[in-house]
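Novice: Sequence and predicted model, in that order:
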Amino acid sequence: MNKWLRSGISGLAGALAVTAVHETVRRFYPDAPRMDILGMRAITKGLRYAGQTPPNDDKLHTWSLVGDIISNGLYYSLTGGGKKAWWRGSILGTAAGIGGVVLPGPMGLGAAPSNRTRQTQALTVGYYLLGGLVAGGVAKWLRSVKV
C-alpha cells in the first residue's frame, strides 16, 4: 500500500476516534471538553471577519465536526506509516491535547470549553493522545497488510 494512502487512512482513523469519544462523553459528563464549541466559535469568528453571517447552531455544529475531522485527519496523518508510527502518534496526540488546553484563550475563543477544570484539561489531552495512538496503531497495522 502506498505510504501516502496509509498515512491518510491512519490520520482519518485517529480523527474519527477523537470525534467519536468527544461526542459521546460530552453527552454524559458535564466536565467533558467541548471542542465542538471551540470549533463553532472559530467558524463564527472567521465568517464574521469575512463579512458573512454564521449559520444556525445546528448547521454550525455540523460544520465544526466536519472541520475537526478534516483538520485532525490531516494532522494525524503526520504519524506516517513507518516503524515509529506509535511513537509519533503519541507525541502528536499529546502536543495536540496540550495545545487544545493552552491555545483557545489566547486565540480569543475562550478557555472554558477545554480548560475549566483539571478533569476537563486531562480529558482534552487524553482524547488527542487517544487519536494519536489510534493513528499510530492503524498505520502500523496497515504497514503489515499486504495489499
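Specialist: The structure has been received and is ready for your questions.
Novice: where does the chain dip in pLDDT?
Specialist: Counting by pLDDT under 70, the chain has low-confidence residues at 81, 147.
Novice: Pull out the buried positions in the longest helix along it.
Specialist: Looking across the chain with DSSP state H, the single longest helix is helix 118-144. For helix 118-144, the buried set under the neighbour-count rule, 16 or more other C-beta atoms under 10 Å, comprises 120-121, 123-140, 142-143. All C-beta atoms are positioned from the backbone trio N, CA, C, and that covers glycine.
Novice: Could you do stretch 73-87 as well?
Specialist: Result for stretch 73-87 [16+ other C-beta under 10 Å]: buried residues 73, 75-77, 79-81, 85-86.
Novice: Other residues contacting that stretch?
Specialist: Contact partners of stretch 73-87, identified using C-beta atoms under 8 Å, 6 or more residues apart in numbering, comprise 1, 3, 6-8, 10-16, 88-89, 92-93, 96, 131-133, 135-137, 139-140, 142-143.
Novice: one more time with 6 Å, if that's ok
Specialist: Residues outside stretch 73-87 that contact it (C-beta atoms under 6 Å, 6 or more residues apart in numbering): 3, 6-8, 10-12, 14-15, 88-89, 92, 131, 135-136, 139-140, 143.
Novice: With stretch 111-124 instead?
Specialist: Under C-beta under 6 Å, 6+ apart, the answer for stretch 111-124 is 31, 33-34, 37-38, 97, 100-101, 104-105.
Novice: got it, and stretch 11-27?
Specialist: Applying C-beta under 6 Å, 6+ apart, the contact partners of stretch 11-27 are 32, 35, 68-69, 72-73, 76-77, 127, 130-131, 134-135, 138.
Novice: If we use 7 Å, what do you get?
Specialist: 32-35, 65, 68-69, 72-74, 76-77, 79, 89, 127-128, 130-132, 134-135, 138 (C-beta atoms under 7 Å, 6 or more residues apart in numbering).
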